[in-house]
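Student: The following block contains a protein sequence and its predicted model.
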Amino acid sequence: MTVPPACHPGDLVLTKRGLRFAGRLLPCSIGKGGLSSDKREGDGATPIGVHHVVGLYYRPDRITCPTPWARAIGPGDLWSDDSNDARYNTHVTTPYPHSHEHLRRADPLYDLVLVLNWNWPVATSGRGSAIFIHQWRRPGYPTEGCIAFSRANLHWLAARVQLGSRVVVPDLT
């Protein structure tokens with residue numbers, strides 16, 4: 001097991017039992033590929049390291065604005081996951097002819113999305129895109145590499161984190 005990074009007050013710290021933040025332990029799901037120190041596009045892994053919250057998106061037709069720095073998700077909002085495009089791992093809008101993920105989904109998974117700075121703002125092709133904190137499908141159901149919570153815990157978390165908050169994902173092996 002590698003030595004975990006030094007934690008600071010206010011950090012969101014992943015543990016084997018959930019995410020520790022502000023005196024609480026919040027159950028969460030991680031990527032179906034487990035944790036990885038060598039994250040790659042499409043591997044389904046959650047990247048090990050210290051990440052920072054760099055944005056928050058929300059669905060204004062479903063929830064109220066959670067914080068002054070949140071951005072509304074509109075019908076044409078996408079996230080590029082095409083590692084061959086110059087806009088790889090960034091917010092893009094329609095029309096966008098390359099591979100992408102819709103931020104405005106029929107299900108509630110992205111009604112509230114915290115964006116982490118994994119492979120951002122300057123993305124390295126193939127290192128992975130769209131590491132978000134979002135709502136889970138159900139307890140224990142893995143993500144494609146993101147960290148996911150119950151709706152209630154996600155909203156509690158979003159009301160308390162700040163831009164720049166650190167998300168510590170240690171090697172838990």
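Tutor: Arrived safely. Numbering: from 1, shown residues only.
Student: Secondary structure element for the closest residue in space to residue 75 that isn't next to it in sequence, which one?
Tutor: The shortest distance from residue 75 to any non-neighbouring residue, by C-beta to C-beta, 6 or more residues apart in numbering, is to residue 104 (5.6 Å). For glycine as for every other residue, the C-beta is placed from the backbone atoms N, C-alpha and C. Under DSSP states H and E, no helix or strand contains residue 104.
Student: Who are the contact partners of residue 104?
Tutor: 59, 73, 74, 75, 76, 77, 110 (C-beta atoms under 8 Å, 6 or more residues apart in numbering).
Student: so how far is the strand ranked longest in the chain off the chain centroid?
Tutor: Longest strand in the chain, counting residues (DSSP state E): strand 49-58. Centre-to-centre, strand 49-58 and its host chain are 7 Å apart (C-alpha atoms, centre = their mean, to the nearest Å).
Student: what's downstream of it, the next helix or strand?
Tutor: strand 71-72.
Student: Tell me the strands beside the longest strand of the chain, with direction?
Tutor: strand 71-72 (parallel), strand 112-116 (antiparallel), strand 166-169 (antiparallel) (DSSP bridges).
Student: In strands only, show me the contacts of residue 104.
Tutor: Those of those lying in strands (DSSP E): residue 77.
Student: Name the nearest of the contacts of residue 104 relative to residue 171.
Tutor: Of all the contacts of residue 104, the one with the least separation from residue 171 (C-beta to C-beta) is residue 110, at 28.0 Å.
Student: Determine the number of other residues adjacent to that closest one.
Tutor: 21 (other C-beta atoms under 10 Å).
Student: how about the strands in this protein?
Tutor: For the chain, applying DSSP E gives strands covering 12-15, 18-21, 24-26, 35-36, 46-47, 49-58, 71-72, 77-80, 91-93, 100-102, 112-116, 132-135, 147-149, 166-169.
Student: of those, which approaches residue 65 most closely?
Tutor: Among the strands of the chain, if distance is taken as C-beta to C-beta, the winner is strand 49-58, at 6.4 Å.
Student: Could I get the average pLDDT for that closest one?
Tutor: The pLDDT scores in strand 49-58 average 97.
Student: Just the CA atoms of it, as CSV, please.
Tutor: This file holds the C-alpha atoms of strand 49-58, laid out as CSV (Å, rounded to 0.1, in the frame of the first residue of the first chain):
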residue,chain,number,x,y,z
GLY,A,49,-4.6,11.2,-6.5
VAL,A,50,-5.5,14.6,-5.1
HIS,A,51,-8.1,16.2,-7.3
HIS,A,52,-9.9,19.6,-7.0
VAL,A,53,-13.5,20.6,-7.5
VAL,A,54,-13.4,23.0,-10.5
GLY,A,55,-17.1,23.3,-11.3
LEU,A,56,-20.7,22.4,-10.5
TYR,A,57,-23.5,21.9,-13.0
TYR,A,58,-27.2,21.5,-12.2
